[in-house]
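*Asks:* Predicted structure and sequence below. I'll ask about it afterward.
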Amino acid sequence: MSEHYRDLIAWQKAKRLALDVYRCTRKFPRDEIYGLTSQMRRAAVSVPSNIAEGKGRYSQKELVHFLYLARGSLLELETQLSIARDLEYIDQPAFEILESETEEVGRILNGLINRFQVQRVS
């Protein structure tokens, strides 16, 4: 478990997703600044933040816990993206790009969770 959190592909891609969510939500209506805009940004930032925090913990059990938290935030974000699309705050092409990014981060997180749970049990 010696690699730094910044070396994790999951963290790198989650950070990129967070930046893309920030860019996308700049175009949302002003009356959403404390609503959907804020919720999406918090959920998006929570994903790489939880990966980093988990990596900084002292045990694989704690790392897995924070990876699950990151996964939960990612699922929140997926739901919020869907709502934003349905409200026509995001056009379909932009939604598909962000959806693809969330799916990729989700697959990577699931792989990490499985990897570290197996190591913990062994």
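*Replies:* Structure received. Residues are numbered from 1 along each chain as shown.
*Asks:* Show the contacting residues for the residue nearest to the spatial centre of the chain.
*Replies:* Among the residues of the chain, the one closest to the centroid is Val47, at 3.5 Å (Cα atoms, centre = their mean). By Cβ atoms under 8 Å, 6 or more residues apart in numbering, the residues touching Val47 are 14, 17-18, 70, 73-74, 77, 105. The way it works is simple: take the backbone N, C-alpha and C, and place the C-beta from them, glycine included.
*Asks:* Dump those to TSV, plus pLDDT.
*Replies:* As requested, the contacts of Val47 are arranged in TSV below (pLDDT from 0 to 100):
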residue	pLDDT
Ala14	98
Leu17	98
Ala18	98
Ala70	98
Ser73	98
Leu74	98
Leu77	98
Val105	98
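*Asks:* What subset of these is buried?
*Replies:* 14, 17-18, 70, 73-74, 77, 105 (16 or more other Cβ atoms under 10 Å).
*Asks:* Closest to Pro93 out of those residues?
*Replies:* Distance to Pro93, by Cβ to Cβ, is smallest for Leu17 among the buried ones among the contacts of Val47, at 16.3 Å.
*Asks:* Point out the other helices and strands that the lengthiest helix in the chain packs with.
*Replies:* Taking DSSP state H as the criterion, the chain has its longest helix at helix 92-121. Judged by 3 or more Cβ pairs under 8 Å, 6 or more residues apart in numbering; DSSP states H and E, helix 92-121 is in contact with helix 9-25, helix 60-86.
*Asks:* helix/strand/coil for Glu3?
*Replies:* coil (DSSP: H, G, I helix; E, B strand; the rest coil).
*Asks:* Actually, Tyr58.
*Replies:* Applying three-state DSSP: Tyr58 is coil.
*Asks:* and it, what are its phi and psi?
*Replies:* Main-chain dihedrals, Tyr58, degrees, to the nearest 10: phi -100, psi 0.
*Asks:* Now do the same for it: its pLDDT.
*Replies:* On pLDDT, Tyr58 comes in at 84.
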